[in-house]
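Peer 1: Kindly return the folded structure for what I paste below:
(2 chains)
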Number of protein chains: 2
Amino acid sequence: MNLDAIKQPALILDEQRCRRNIQQMARKVAAQQIVLRPHFKTHQSIRIGEWCREEGIQAITVSSVGMAQYFAKAGWDDITIAFPVNLRELEDIVALSSQVRLSLLVLDPETVSRLGNAVSNTLSLWIKIDVGTHRTGLLPDDFVTIGQITDAIGQFPNLSFEGFLAHAGHSYQTRSKEEAQRVYDASLRLLLNLKQKYASVFPHLKISLGDTPGASMVDSFGEVDELRPGNYIFYDLMQQQIGACGFDDIAVALACPVVATHTDRLQWIIYGGAIHFSKDFLQLTTGEKCFGRMVNEDGRSWSVDQVEKNPFLVSLSQEHGVVQCSEETFQLYKPGDISLWLPVHSCLTAESAGGYVTATGENLDHYHRERIKQL
Amino acid sequence: MNLDAIKQPALILDEQRCRRNIQQMARKVAAQQIVLRPHFKTHQSIRIGEWCREEGIQAITVSSVGMAQYFAKAGWDDITIAFPVNLRELEDIVALSSQVRLSLLVLDPETVSRLGNAVSNTLSLWIKIDVGTHRTGLLPDDFVTIGQITDAIGQFPNLSFEGFLAHAGHSYQTRSKEEAQRVYDASLRLLLNLKQKYASVFPHLKISLGDTPGASMVDSFGEVDELRPGNYIFYDLMQQQIGACGFDDIAVALACPVVATHTDRLQWIIYGGAIHFSKDFLQLTTGEKCFGRMVNEDGRSWSVDQVEKNPFLVSLSQEHGVVQCSEETFQLYKPGDISLWLPVHSCLTAESAGGYVTATGENLDHYHRERIKQL
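Peer 2: This is a model prediction of the structure:
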């Protein structure tokens, strides 16, 4: 891997690791006759989307109307926006619904009526259920609101009630296969109960679940219709801590110039801060915070050998990263050298980077660049 | 203020509050015959830079070579890059040194030699001193390295030793005028001791300090030559918590659509997450985390009346913000409405936004947009 051209922090994508992640998840889910509708908010890249298509992916999830437009232009025609409907973008939603098979999440009957009155094409609506994360969604026993929503959908012939959708975000608190399985089973059970309750009126309704810890650690997905994990395409240190991946599965690393070394405290300063990594961090078992962990360039891409003994980022400010080394590792680099860092939260690091460089030097797109250009 | 056109999260800049902040600091520092060299990494905007120029600012600080290029193109000709020299950008530094009066920070003699051998124009070098923040800088008693650096500078006639520069970042831990004064005085004392020690050899050497808590809370700056605060141009909730400003001084607010409301827990979900605010948060006295605080649109811009009773952001994910309301405030908004949020850390929020909209509808630039376009 040639890092000579890198002058500023740049996000390196290991195509081989990334394609392996895409392939393994595609095969695992397909083997159980479940639809994999990956969440593209992690990579936000048309080029990486093509790698997914090569593994049989035909339907995708995104988290904003703008991201849906970005992928619609690239030929994706079955898109779920897994975010509560933003009524300020109703015109764009109407336009999008004429171009692709669009699915949206709803949580209240007023939004359904606004959509029904505005959209003349077919629109699929999922009811978002809170399976325990307490971010968004109706409580699983809020039959009053569920009834109001299905009634509202019934008022408009072009709106279809797709089913119940949830994101078990509390799976991020799990630390073992058993815990992940428990969260997954409990979430699925809540949705299956709802499906059963409404099956006589809506015989075709579906269940959609999906988060990377669950999709990675659970072996048998049961009676779910589709899964929507996103982060698995890159993974990151947070997923490694959860147990959803190994260090060697993480497919992105931020290349950062070393700009200063402090012998007295065995620390380096790298050019790579909050605006490059994002401020998400891990709490290590030692009580220390970790904002990123160094890996070793190995010719082809990077090796994770001895990664837990490698220097790690103990703090970030706007552009600075403070790196803690050991006596052994302090001598590895001097100012002017390039260091490579596994990120804590790859979705946010990719968003900040606004693009990727592959280990072979190819530049890949990211929707962030398009969004910022349109401002 | 007309928020009708806002569909997605947008950073609103109150020009009146911003110009007041710029003016007050300019007058306070000028009255003490000290150079104010504001850090433009907070706003990163050519347009806002013009407002600074109108208040007599002639010299600026930035945090990257790219940012220096951006402001050099806009006519700024006296620029300090307050970040350790990134040797990977040596060619750009050389080019820049032929266009503007460029000052850099150095921490080791090797970097000085690399600069001396590459640059043929005049270049001013500051030695970065660690006054207690322990991020970058030489320890104030590291006379060996200081001597090596001044010797190295002496080898190259076009390099000039400007003096000692520090950033008292630990002022962010202060919570009163007295504490801020103590950190400022101790920092200044360390630099004055160094100045005195080297005065016989370098009679013209200067002292540069600067951080927003100190610059805002200290009344008398003593024998310092220049100050480099940056955040004061906008301020934010972090500075309010420190005591460096009031809520009413904060000059930016993020406009975010409300997309869902949860009656059971008196929470709203806004379209506005980590990729818009950044993940910096405050710890409130109640023990809760706060990622942003709501203000009320008041016709001209926003009012901070009752701001501490207003809803606040308790968590952020990629695009979601979770807002905690009280019984009284929960009814204020419904999905489709626009809410306004004071950020915890305005530098990072502005970086994420990549631009500003003024209360009168003008669009202002931000270097982030230029940087991302160049990828």
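
Peer 1: Show the pLDDT at the spatially closest residue to residue A:78 that is not a sequence neighbour.
Peer 2: Excluding its sequence neighbours, the residue lying closest to residue A:78 (Cβ to Cβ, 6 or more residues apart in numbering or on different chains) is residue A:59, at 4.0 Å. For every residue, glycine as well, the C-beta is placed using N, CA and C. We have a pLDDT of 98 for residue A:59.

Peer 1: Residue A:59 reaches residue A:34, doesn't it?
Peer 2: No - Residue A:59 lies out of contact with residue A:34 (Cβ atoms under 8 Å); the separation is 11.8 Å.

Peer 1: got any residues that touch both of those two?
Peer 2: By Cβ atoms under 8 Å, 6 or more residues apart in numbering or on different chains, residue A:59 and residue A:34 have these common neighbours: residue A:226.

Peer 1: What are the buried residues along the helix or strand containing residue A:67?
Peer 2: Residue A:67 belongs to helix A:65-73 when assigned by DSSP states H and E. Under the neighbour-count criterion of 16 or more other Cβ atoms under 10 Å in any protein chain shown, helix A:65-73 has A:65, A:66, A:67, A:68, A:69, A:70, A:71, A:72 buried.

Peer 1: Could you check how many residues crowd around the residue nearest to residue A:78?
Peer 2: 17 (other Cβ atoms under 10 Å in any protein chain shown).

Peer 1: Over to residue A:239?
Peer 2: Neighbours of residue A:239 (other Cβ under 10 Å): 24.

Peer 1: Do a quick rundown of the strands in the stretch 151-300 of chain A.
Peer 2: Using DSSP state E, counting those that start in this stretch, the strands found in the stretch 151-300 of chain A span residues A:159-165, A:206-209, A:226-227, A:252-262, A:267-271, A:282-283, A:289-290, A:292-297.

Peer 1: how far away is residue A:154 from residue A:201?
Peer 2: 10 Å (Cβ to Cβ, to the nearest Å).

Peer 1: ok, the longest helix anywhere in chain A near chain B or not?
Peer 2: Counting by DSSP state H, the longest helix found in chain A is helix A:177-198. No - judged by Cβ under 8 Å from any Cβ of the partner chain, helix A:177-198 and chain B are separated, with a smallest distance of 15.6 Å.

Peer 1: quick one: that helix to chain centroid distance?
Peer 2: Offset of helix A:177-198 from its chain centre (Cα atoms, centre = their mean, to the nearest Å): 21 Å.

Peer 1: can you list the residues that contact that helix?
Peer 2: With contacts defined as Cβ under 8 Å, 6+ apart, helix A:177-198 is touched by A:129, A:131-132, A:140, A:143, A:146, A:150, A:163-164, A:166, A:168, A:170-171, A:174, A:205, A:207, A:209, A:213-214, A:216-218, A:221-224, A:242-244.

Peer 1: for chain B, what are the nearby residues on the stretch 151-300 of chain A?
Peer 2: Within the stretch 151-300 of chain A, the positions near chain B by Cβ under 8 Å from any Cβ are A:169, A:257, A:259-262, A:264-265, A:269, A:271, A:274-275, A:278-280.

Peer 1: Identify the farthest-apart pair in those residues.
Peer 2: Within these, A:169 and A:264 form the most distant pair, 42.1 Å apart (Cβ to Cβ).

Peer 1: So the two - more neighbours on which side?
Peer 2: The residue with more neighbours, out of residue A:169 and residue A:264, is residue A:169; 19 against 10, by other Cβ under 10 Å.

Peer 1: What's the separation between that one and residue A:128?
Peer 2: Distance from residue A:169 to residue A:128, by Cβ to Cβ: 12 Å.

Peer 1: Residue A:295: what's its closest spatial neighbour, skipping adjacent residues?
Peer 2: Closest to residue A:295 by Cβ to Cβ, 6+ apart is residue A:302, at 4.2 Å.

Peer 1: wait, isn't the one you found in contact with residue A:253?
Peer 2: Yes - the pair residue A:302 / residue A:253 is scored as a contact, 5.8 Å apart, by Cβ under 8 Å.

Peer 1: Which neighbours do the two have in common?
Peer 2: Here residue A:302 and residue A:253 have A:12, A:14, A:295, A:340 as joint contacts, going by Cβ under 8 Å, 6+ apart.

Peer 1: which ones among these are found in strands?
Peer 2: A:12, A:295, A:340 (DSSP state E).
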